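Trainee: Quick one: sequence plus predicted model below, questions after.
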Amino acid sequence: MNNKDIARLLRNAAASYAIKDEKKHYFQIIAYQKAADAIEDSTAEAKDLYKEGKLDQLSGVGPSIKQHLTELFKTGKITHFETVMGGVPPAVFPLLDIPSFGPKKAFKLVEHFKFKNPDTVIDDLKKVAGSGKIATLEGFGKKSEELILHVITEYEDGIKKNVRMVLPFANEIAEKLLAYLKKSPDVMEAFPLGSLRRMLSTIGDVDIAVATKNPEAVLEYFVNYPYKERVIEKGPASSSLLISGGQHIDLMVQPPDRFGSLLQHFTGSKAHNIALREYALKKGFSLSEYGIKNMKDGTVKKYNSEEKFYNSLGLSWIPPEMRENTGEIVLAAKNELPKIVDVKDMKGDFHIHSNFPIEPSHDLGRNSMQDMLNKAKSLHYEYLGFSEHNPSVSKHTSQQVKAILEKRNIKIEQLKKDNKSIRIFSLLEVDILANGKVALDDESANVLDGMLVSIHSAFSMDKKDMTKRVLAGLSHPKAKILSHPTGRLLNQRPGYDLNWEEIFDFAIKNNKALEINSWPQRLDLPDSLVREAVKYGVKFVIDTDSHATEHMNLMKYGVAVARRGWLTKGDILNTNRYNKVTEWFNLKS
DNA sequence: GCCGTTTTCGGCCCGACTGTTTTCAGTCG
């Protein structure tokens, strides 16, 4: 049973309570949902935490849920949940994945039409809706029947509640929409907000806030967006669209003098907003997108900037990437938020694949070393590290490999002479083989300035063996960086299991860095593990893993991961000047 | 059922929008 299954179980229990008696179980419902969120977001598997006796370190898991989970891992079921879910037909639960379906609506329909089979319920419901039988039900009508047909069709086309796009993809959708919005004379300011502004690795909906003196006109203009598929809703202050790719975009509008509270409200996260409002309530204030309401006299103060909004609560402004309710409010109250890294702090990139003919077993870059250097100069970098994949082991003898690397070094020496304004490192991305050895012999390794080591094969090892393998690879004296440490590919495959405590500990003791890889499908190390690692004192590098010059622009996404992990400049090696970096690579300059 | 820099008991964010109603329930963020 993995985290996703457990979260689903908790949500189903919450839904069952909502169906049976929502008022009576109101706070249990919230508690179950909170715990489900925490488990779904956790990088550690709940089962592992259970084995280590650390289940209660998940916020939202208290004595009762802990006991339930313990029972689940021991026996495979939770007796209490079986009681809670008793009497709720199993066919209710699959409907909860469909947008616009909540527990009550799903239950009413399943109950009335006596749907028994969870595997066919969606199809069964579609047939009933098509025959017009829903419109006559009490509490339903023609419009809601049409909506049900709509959302089921969309669901079958792959539009589910929890399908998320990678960050740069969402960014592109937002850019395109912003360009459209800015053409309207009524739009004074327009910003992407929500998870996009907080720079999450994957984005559900694209949220946009607009400041305007004419909300009606802006909303009307918005719903006429040329790429719209359908208007989901439209009111006086907000609207949602479904666009042709199946993504949701939400727009919220306020006059300019309320833009600060609007930004704050719509940026979230939900957990941050809830915690912030609880904090404000204790001081006698109630928060909303309209401003800050004084509970004593009922007056509402407006804020045109977010900074003023936070300041008036006695808090310093909190960077959006930190707004996840993981301690930021307490620190903001003490004015002790760390100064997190900025993309301008980056002075180089160690993970660059040029098209130098290195005969690797993986992919080669598309552009020449000189092209990559030119791009690095345009980014005002001080140094660049070339790190193509190691020459394929199966197709070369070790002498041949060494010859290729020496040839590459000659090329690099020439480039150093031709490019005085930038320094160059001769690195290599080397596979850690299944047996823990690196795919390069020592003699070849010695002609390099350093190695990035990474896993590219045999992913399905158990945690213990994989940890052993990674540590063996990383212990090579030339190995300085563990590249894309989890191996995850967003929306494609989860990362492999590692004992992170051991990895962090090893990295600190042996002066190794963990990479934050900026590649959109990777964003690896993930932000939550970055946050963990930095508490141990681990050092990082942020790289782009570029295979073409334009990929070097992706650095901002890696920096976003670092910001979400609360890293400061001092935690990241490639914010340092060249001399300090050479010291770290153990090179004499 | 969870949680604590006023609390180990007594609270628990705040609002938008839709559809079916004639004041509200359900869903969403």
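Mentor: In hand now; what should we look at?
Trainee: From here on, just use CA atoms for contacts and neighbour counts.
Mentor: Will do.
Trainee: who does the helix or strand harbouring residue A:404 touch, helix- and strand-wise?
Mentor: In the assignment (DSSP states H and E), residue A:404 maps to helix A:398-418. Secondary-structure packing of helix A:398-418 (3 or more C-alpha pairs under 8 Å, 6 or more residues apart in numbering; DSSP states H and E): strand A:423-431, helix A:442-445.
Trainee: looking at these, which is buried most?
Mentor: strand A:423-431 (a mean of 23; mean count of other C-alpha atoms under 10 Å).
Trainee: CA-only coordinates of that strand in PDB, if you can.
Mentor: The C-alpha trace of strand A:423-431 is given here as PDB (Å, rounded to 0.1, in the frame of the first residue of the first chain):
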ATOM      1  CA  ARG A 423      36.700  29.500 -17.200                       C
ATOM      2  CA  ILE A 424      36.100  25.900 -18.200                       C
ATOM      3  CA  PHE A 425      36.000  22.600 -16.200                       C
ATOM      4  CA  SER A 426      36.600  19.300 -17.900                       C
ATOM      5  CA  LEU A 427      34.000  17.100 -16.200                       C
ATOM      6  CA  LEU A 428      32.100  14.000 -17.200                       C
ATOM      7  CA  GLU A 429      28.700  12.500 -16.300                       C
ATOM      8  CA  VAL A 430      29.500   8.900 -15.500                       C
ATOM      9  CA  ASP A 431      27.100   6.100 -14.900                       C
END
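Trainee: Can you name every helix or strand that it contacts?
Mentor: strand A:348-352, strand A:383-386, helix A:398-418, strand A:450-454.
Trainee: Helix or strand next in line after the last one, which one?
Mentor: By that I understand strand A:450-454. helix A:463-474.
Trainee: which residues touch that following helix?
Mentor: Residues from elsewhere that reach helix A:463-474 (C-alpha atoms under 8 Å, 6 or more residues apart in numbering): A:432-438, A:453-455, A:479-482, A:496-499, A:502-503, A:506, A:512.
Trainee: Can you name the next helix or strand after it?
Mentor: Helix A:463-474 is succeeded, C-terminally, by strand A:479-482 (DSSP H and E).
Trainee: what sits up against that next one?
Mentor: A:450-454, A:473-474, A:511-515, A:541, A:585.
Trainee: swap in stretch A:538-546?
Mentor: Looking at stretch A:538-546 with C-alpha under 8 Å, 6+ apart, the contacting residues turn out to be A:349-353, A:365, A:481, A:504-505, A:507-508, A:512-519, A:551-552, A:554-555, A:558-559, A:571-574.
Trainee: Now, these that are in helices?
Mentor: Using DSSP state H, the subset of these located in helices is A:504, A:505, A:507, A:508, A:555, A:558, A:559.
Trainee: Return the residues in contact with the second one.
Mentor: Listed by C-alpha under 8 Å, 6+ apart, the contact partners of residue A:505 are A:536, A:538.
Trainee: and residue A:241, that one's in a helix?
Mentor: No. Under DSSP: H, G, I helix; E, B strand; the rest coil, residue A:241 sits outside any helix and is assigned strand.
Trainee: how many other residues sit next to it?
Mentor: Residue A:241 is flanked by 24 other residues according to other C-alpha atoms under 10 Å.
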